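# predicted model and sequence below, questions to follow.
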Amino acid sequence: MSDYAQNLLVQVKAKNPSEPEFHQAVEEVLQSLELVLARHPEYRSAKILERMVEPERTMIFRVPWMDDQGEVHINRGYRIQMNSAIGPYKGGLRFHPSVTLGILKFLAFEQVFKNSLTSLPMGGGKGGSDFDPKGKSDNEVMRFCQSFMSELFRHIGPNIDVPAGDIGVGGREIGYLFGQYKRLTKDFSGVLTGKGINWGGSLVRPEATGYGVVYFAAEMLKSKGQTLDGKTVAVSGFGNVAWGAVQKATQLGAKVVTLSGPDGFVYDKDGISGEKIEYMLEMRSSARDSVKDFADKFKVDFQAGKHPWSVKVDVALPCATQNELNEDDARELVKNGCVCVTEGANMPTTLAGVKVFEHAGILYSPGKASNAGGVATSGLEMSQNSMRLPWPAEEVDARLHQIMKAIHATCLENAEKYGTPGNYVNGANIAGFLKVADAMMDQGLV
C-alpha cells in the first residue's frame, strides 16, 4: 500500500483499538482504492476516506429486561449510523453474544459499499446487541425487544434509518420490535424491513440473500462460458442465507453437498434437496444450533468441529459468518479443483485466504457484492411500503435477479476500467466507493 493508505490504516487502528474485524475491512478497501486515488487526488484532498471510516453517529445504550423467573438482565445495545450520503441508513440488527462495537463497525462499513452497489438509495448502518435469543421463551424475547426499541426508536425512521434482521433477528424479533416502535410513535411506516407479509413485508425477503448469492455465482460462471447446472457446491451455515442458496442452486441444476454449524459440517453425497431443504427450517427454529441433527435424521456423514472446505467441489458458497474460511481452507479448495468462490456471509474469507484465490486465478467474489441480494430486497420492501402496494413473488424475484446481474456487470466494468480485469474485490470496492464519494463531494463538508 502507498504511504497515504498505510498512514490512514495506522490512524484507524490507533483510534479504534481491539477491533480487528473493522481494521480488516478497512485494509481490504484501502488496497483496492489506491487505483482510484492515484487518478483522483480530489478525494484525498477532501479527506473522503478519512470521513468514510468514521461513523456519522454511534449509539450505545443499556437494555434491561426481565426473564420468566422475574430476574432482571442487562444487555448492551448498539446502532452504528455509518454513512447517509446516498440515502437513509440501512442495515441489519444482530442479536448474538459475539456482538461488539468493532464487529458492528466492520459490518456497517461493509454495508455502505454493499448498499451503494445495489444502485438503490440506501446509506449504510448496522446495530444489535449481545443478547442471545436462543433458548429464550417468546415472552422473554418480546420483553427484550420492547426494551431495545424503547431506546432505538429515537434514532430511526423511514427516511432516517431503516433497520432489518440479521443473525438472531428473524420474523419474530422484527414483529416485536415493530410493535413497540408503533406503540411509541403512533406511526405505521416502513421503518423496519423483514416484516410479516400481512403487515408490510415483502415476499422472497427471507430467501433473498441466498438467492442473490447464487444469481451472482451464475453470472461469474457465465463470464467463463460455464453454468451452475451439474456443478457440485459446498455451502456453509444452515440459516436464512444458506437456506436460500441451497434452494436456488438446486433449482439451477447444481448439487449442494454440505451444510455447517458451530458443531461441524455434514456431507451429503446425494445432494441436499426436497425434504432436506425443508428440514433446514426445522433446524433453525429448534434453537439447538446443531447441524448434527441433519446428519442424524438423513444418515449422512458428520465431521465434528470442522468447516466444509476440505470437500471436493466445483463451487464454494461461504454463508455462515466472518472469517470462517482461512488461508489453509483456501489452499484446500484450490487443490481440490474449486473454480468459483462466491461469498454469502459478510467477510467470511480472511485476507490471507483471499490472496490464495487471487494468486490461483479462480473466480472469487467478496460478500459486499455477492450477498447484496438481502439488502436489495429490503430496499424493494421499502419501495412497496412507500407505495402501499405489495408485489407478487415473481416480480420481487425478477427484480432481485436483475439487481444481482447489474452488480456483477458493475464490478467487472470497474475492475477493467482501473486496470485489474476480472478482480471482483477491486471492482466492488471501487464501484461502491465512487457513488458514495461523489455524493459526499456534492454535499460538502458534512
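Everything's here; your move. Numbering: from 1, shown residues only.
# contacting residues for Asp132?
The neighbours of Asp132, taking C-beta atoms under 8 Å, 6 or more residues apart in numbering as the test, are Phe95, His96, Pro97, Gly168. Any C-beta I mention is one placed from the backbone N, CA and C, and that applies to glycine too.
# dump those to JSON lines, plus secondary structure and distance to Tyr267.
Below are those laid out as JSON lines (DSSP: H, G, I helix; E, B strand; the rest coil; distance: C-beta to C-beta, whole Å):
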{"residue": "Phe95", "secondary structure": "strand", "distance to Tyr267": "30"}
{"residue": "His96", "secondary structure": "coil", "distance to Tyr267": "26"}
{"residue": "Pro97", "secondary structure": "coil", "distance to Tyr267": "28"}
{"residue": "Gly168", "secondary structure": "coil", "distance to Tyr267": "27"}
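# from those, pick the one nearest Leu228.
Leu228 lies nearest to Gly168 out of the contacts of Asp132, by C-beta to C-beta, at 30.3 Å.
# got phi/psi on the closest one?
Main-chain dihedrals, Gly168, degrees, to the nearest 10: phi 80, psi 0.
# what about the nearest residue to it once chain neighbours are set aside, how many neighbours?
Excluding the flanking residues, the one nearest Gly168 by C-beta to C-beta, 6 or more residues apart in numbering is Phe95, at 3.5 Å. Using other C-beta atoms under 10 Å, Phe95 has 27 other residues around it.
# may I ask which helix or strand of this structure has the lowest mean pLDDT?
When each helix and strand of the chain is scored by mean pLDDT, DSSP states H and E, helix 275-285 comes last, with a mean of 93.
# which strand residues bridge the closest residue to Gly92 other than its chain neighbours?
Nearest non-adjacent residue to Gly92, counting by C-beta to C-beta, 6+ apart: Asp166, 3.1 Å away. In this entry, Asp166 is beta-bridged to Val169, by DSSP bridges.
# for Gln322, what are its contacts?
Neighbouring residues of Gln322 by C-beta under 8 Å, 6+ apart: Glu21, Ile103, Phe106, Ala345, Asn346, Met347, Pro348.
# same thing but at 6 Å, please
Asn346, Met347 (C-beta atoms under 6 Å, 6 or more residues apart in numbering).
# and it, that one's in a helix?
No. The assignment for Gln322 (DSSP: H, G, I helix; E, B strand; the rest coil) gives coil, which keeps it out of a helix.
# show the pLDDT at it.
Looking at Gln322, its pLDDT is 94.
# ditto for Ala287
On the pLDDT scale, Ala287 gets 77.
# Provide the secondary structure category for it.
Under three-state DSSP, the three-state class of Ala287 is coil.
# so which residues of the stretch 201-350 of the chain form strands?
Listed in chain order, the strands of the stretch 201-350 of the chain (DSSP state E, counting those that start in this stretch) span 232-235, 255-261, 264-267, 301-304, 315-317, 340-342.
# and of the ones you listed, who's closest to Glu110?
Each of those has some distance to Glu110 by C-beta to C-beta; the shortest is strand 340-342, at 15.8 Å.
# so what are the sheet partners of the closest one and their directions?
If you go by DSSP bridges, strand 340-342 pairs up with strand 315-317 (parallel), strand 363-365 (parallel).
# give me whichever of these is most buried.
Most buried of the strands paired with strand 340-342 by mean neighbour count (mean count of other C-beta atoms under 10 Å) is strand 315-317; its value is a mean of 31.
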